[in-house]
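Enquirer: how would this look folded up:
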Amino acid sequence: MLRLLSQFIIVLYHLYLLFIAKTDDAPSYKAIQMPLHVGVIIFVLLSGYFSINATSQKLLKLVAVFLVYTLPETFYTLTHSNSLQHAVHALFLLSYTHFWFIKTYLFLFLVSPMLNLYWRTSSDRMRWFMTGAWGFVAIYMATTHGDKSMLSGKNLVNFMFLYYVGRLLNLYKEKWQRQHYLTLISCYLLLNVAIVAAYMLLDGIGRKAVWALSFPYSSPILLVNSVLLFMIVGKMHFQSKVVNYLAASSLAIYLIHGCRPYVIGTIGDVTLYLYDHIPNGLLLFGSCMLLTLLIILFAITIDKLLTPLWNRVNEVGRNLYLKLGY
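Expert: Numbering: from 1, shown residues only. Got it, this is the predicted structure:
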């Protein structure tokens with residue numbers, strides 16, 4: 001359910017980031033992006049919580065899903081490119097893709113066996129030390145602009161840090177699951193109201209400070225925000241084959257909704273139509289939520305129609321795994 005929730009938040013956030021906020025520079029449209037920026041972090045926290053089991057079969061499936069769903073993107077770039085360089089870049093998908101999450105997550109996938117080995121063979125003190133060390137680099141160096149490569153948090157160091165935070169959430173789940181729902185929900189709501197209100201009320205350097213501490217993937221407040229939401233949903237105890245069935249298409253949701261032919265065309269046009277015809281901010285937000293739900297359902301439908309292809313990929317991957325033993 002958290003995977004689906006994270007994708008819902010990511011799609012909704014992109015509607016505001018790519019269209020509404022670019023059309024209207026009202027502070028409210030930018031402020032709402034801070035609470036909506038938790039989706040990617042939750043997705044990586046989940047990977048750490050359950051631990052990535054990196055095998056050749058899963059690697060093949062990850063790359064295959066990426067290549068299939070970015071074919072429209074590649075074709076669009078090749079047909080709209082004005083230079084040979086851009087056309088060549090389109091063929092090197094993993095190097096020049098604007099799907100930065102896929103590239104960074106692939107790096108995390110490849111190093112996960114080492115991360116898992118260190119976790120299994122280390123004491124709790126060393127686990128905290130390593131998590132803190134990566135957190136220092138990922139958060140402190142980025143927030144203080146001490147390292148320009150760390151600024152946005154879209155890097156392997158930050159993903160390794162978040163991966164270990166997810167491992168810690170699993171290790172201490174009995175403690176945080178004893179917390180009352182009211183406490184967690186109250187903290188989550190108060191935090192988000194506070195950062196949105198602070199951004200809208202402050203100006204100049206104060207507003208920039210709120211943004212720097214609450215928006216980038218390397219920001220401390222965003223991490224707290226994501227962990228709180230993770231705990232709220234993580235306290236729920238239920239089983240649902242339907243949820244698991246739908247959540248298997250999480251990556252497809254991200255890739256399909258982010259392809260330029262869909263973004264520049266249908267998704268962008270519909271979002272701007274809603275913005276032009278719904279002056280009320282709350283009604284616009286609700287309409288964007290409905291549009292997000294429709295986008296997700298469309299992406300899941302496409303992914304399920306491709307089930308025979310994914311079954312074939314899994315079969316090839318299984319044979320590869322048996323041959324390589326990895």
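Enquirer: and Asn82, how many neighbours?
Expert: Asn82: 7 surrounding residues under other C-beta atoms under 10 Å. Every residue, glycine included, has its C-beta placed from N, CA and C.
Enquirer: distance of it relative to Glu73?
Expert: In this view, Asn82 and Glu73 are 17 Å apart by C-beta to C-beta, to the nearest Å.
Enquirer: and what of Val38?
Expert: 25 Å.
Enquirer: the more surrounded of these two?
Expert: For Val38 versus Glu73, neighbours defined as other C-beta under 10 Å are more numerous around Val38 (27 against 21).
Enquirer: ok, now which ones touch the closest residue to the more buried one other than its chain neighbours?
Expert: Nearest residue to Val38, sequence neighbours excluded (C-beta to C-beta, 6 or more residues apart in numbering): Ser226, at 4.2 Å. By C-beta atoms under 8 Å, 6 or more residues apart in numbering, the contact list for Ser226 reads 38, 41-42, 45.
Enquirer: what mean pLDDT does the host helix or strand of Ser226 have?
Expert: In this structure, Ser226 sits in helix 220-234 according to DSSP states H and E. What helix 220-234 shows for mean pLDDT is 95.
Enquirer: any buried residues in that helix, and which?
Expert: 221-223, 225-232, 234 (16 or more other C-beta atoms under 10 Å).
Enquirer: need the next SSE after it, C-terminal direction.
Expert: Sequence-wise, the next helix or strand downstream of helix 220-234 (DSSP H and E) is helix 241-247.
Enquirer: now do the helix or strand following that next one, average pLDDT.
Expert: Sequence-wise, the next helix or strand beyond helix 241-247 is helix 250-258, with elements assigned using DSSP H and E. Averaged across helix 250-258, pLDDT comes to 91.
Enquirer: show me what helix 250-258 is packed against.
Expert: Counting contacts by 3 or more C-beta pairs under 8 Å, 6 or more residues apart in numbering; DSSP states H and E, helix 250-258 packs against helix 2-15, helix 56-69, helix 100-121, helix 281-305.
Enquirer: and those: which comes nearest Arg318?
Expert: Closest approach to Arg318 among the helices and strands packed on helix 250-258 (C-beta to C-beta): helix 56-69, 5.6 Å.
Enquirer: centre of the chain to the helix or strand just after that closest one, how far?
Expert: The first helix or strand that comes after helix 56-69 along the chain, using DSSP H and E, is helix 71-80. On the basis of C-alpha atoms, centre = their mean, to the nearest Å, helix 71-80 sits 24 Å off its chain's mean C-alpha point.
Enquirer: I'd like the average pLDDT over helix 71-80.
Expert: The average pLDDT within helix 71-80 is 74.
Enquirer: show me which residues of that helix are buried.
Expert: Across helix 71-80, burial judged by 16+ other C-beta under 10 Å covers 73-74, 76-77.
Enquirer: any idea of the angle it forms with helix 56-69?
Expert: Per axes from the mean of the first three to the mean of the last three C-alpha atoms, to 10 degrees, the angle that helix 71-80 makes with helix 56-69 is 40 degrees.
Enquirer: tell me what helix 71-80 is packed against?
Expert: Other elements packing on helix 71-80 under the criterion 3+ C-beta pairs under 8 Å, 6+ apart are helix 84-91, helix 260-262.
Enquirer: now the weakest link among those, please, by mean pLDDT.
Expert: Mean pLDDT, when computed for each of the helices and strands packed on helix 71-80, is lowest for helix 84-91, at a mean of 67.
Enquirer: gap between Arg125 and Tyr163?
Expert: Distance of Arg125 to Tyr163, given as C-beta to C-beta: 19 Å.
Enquirer: neighbour count for the two, which is higher?
Expert: The residue with more neighbours, out of Arg125 and Tyr163, is Tyr163; 26 against 8, by other C-beta under 10 Å.
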